[in-house]
Every structure is written in C-alpha cells, then in structure tokens.
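1. below is the structure, and that's it, no one-letter string:
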C-alpha cells in the first residue's frame, strides 16, 4: 500500500513539474514575441575639433576606378601639405561602413598632388569581400601642413 501511494505521489510531482515547465516556457515565448524589436542605432561621427576649410586652390575628386574601389585625387596643394588623413563612409546593405587611413596618413612629401585607391569592402587574411550596392561615399580629408596646422575637406560623392 505504501508503494502504491509513493508511486501516485511521484506521478503527481512529475505532472506538476511538467506543467510548471510548460507554463514557464509559454510565458517566455509570449514575452519574447510580444516585445518590439529595437532598431539598431547609427551613430553619427562628431568632429572633435573645429578645423578650417582647405585652401580653395586644392581640388579633390573622387570617382569609381574599378569594382568596389574608388580613386581619391587631390591636386593644387602647392607643396604646402606634409600629410593627409582620410575617412570614407558609405552604406551597404543598410549598414554604414567605413575605411580610414588609421594611424598612417598619406605622406605627400610637400608635393602638389596625389592619388589614393580605396577598396570598399572587408579584407582579412588576404581574402577580400566587397560591400555590395554602394551608391555614394562621404569623404573627409584632414590636411596637415609643415607648421602643424590642420584643415579639413568633406563632401559626399555619387558613384
């Protein structure tokens, strides 16, 4: 008789445990489905310092040079610029992507002009994957002259 009562109590505990587990799972699924998915936030870059615009004699052109590559051409520097840092931003697949010169600006060696090809994609371990559907790029150039003075150029280009 004691064994029969023990068996009924085990079954009752198992049924109650499964019921609680099922109820908890249902609640968690309902809560997950009923909450609104949050939209990813796109942070806009904030310029840290106020830089003067570039000398009007300096001309900047950006054009598509080959698949997923742009060519930045700068002329009219008149030998006054030692180096140029760059940042290129664009949208691909609804995601803002970017490329920059990092800690190694373009050394212009006080020349009048330079060109730089910039790949619009991701490279890792000698394998490059293009970012598809790029229709425009925003180019920000920071010019550094021999006395340490900085000036900035920024423009959006349609490809």
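-> Noted; the coordinates are in hand. Keep in mind it's a predicted model, so treat the numbers as computed, not measured.

2. domain ranges for the protein?
-> 1-34, 52-158 (automatic domain parsing).

3. could you dump those domains into CSV with mean neighbour count and mean pLDDT added?
-> Any C-beta I mention is one placed from the backbone N, CA and C, and that applies to glycine too. Output for the domains of the chain, formatted as CSV (neighbours: other Cβ atoms under 10 Å; pLDDT from 0 to 100):
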stretch, mean neighbour count, mean pLDDT
domain 1-34, 9, 69
domain 52-158, 15, 92
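
4. longest single strand anywhere in the chain?
-> Of all segments of type strand in the chain, defined using DSSP state E, the longest is strand 81-92.

5. tell me what residue 60 is bridged to.
-> For residue 60, the beta-bridge partners are residue 74 (DSSP bridges).

6. how near is it to residue 83?
-> Counting by Cβ to Cβ, to the nearest Å, the gap from residue 60 to residue 83 is 15 Å.

7. just to revisit the earlier point, which neighbouring elements make contact with the longest strand of the chain?
-> strand 69-75, strand 95-100, strand 106-107, strand 114-119, strand 136-145 (3 or more Cβ pairs under 8 Å, 6 or more residues apart in numbering; DSSP states H and E).

8. show residues contacting it.
-> 45, 58, 70, 72, 74, 96-101, 105-110, 114, 116, 118, 120, 131-146 (Cβ atoms under 8 Å, 6 or more residues apart in numbering).

9. sheet partners, orientation included, of it?
-> By DSSP bridges, strand 81-92 pairs with strand 95-100 (antiparallel), strand 106-107 (antiparallel), strand 136-145 (antiparallel).
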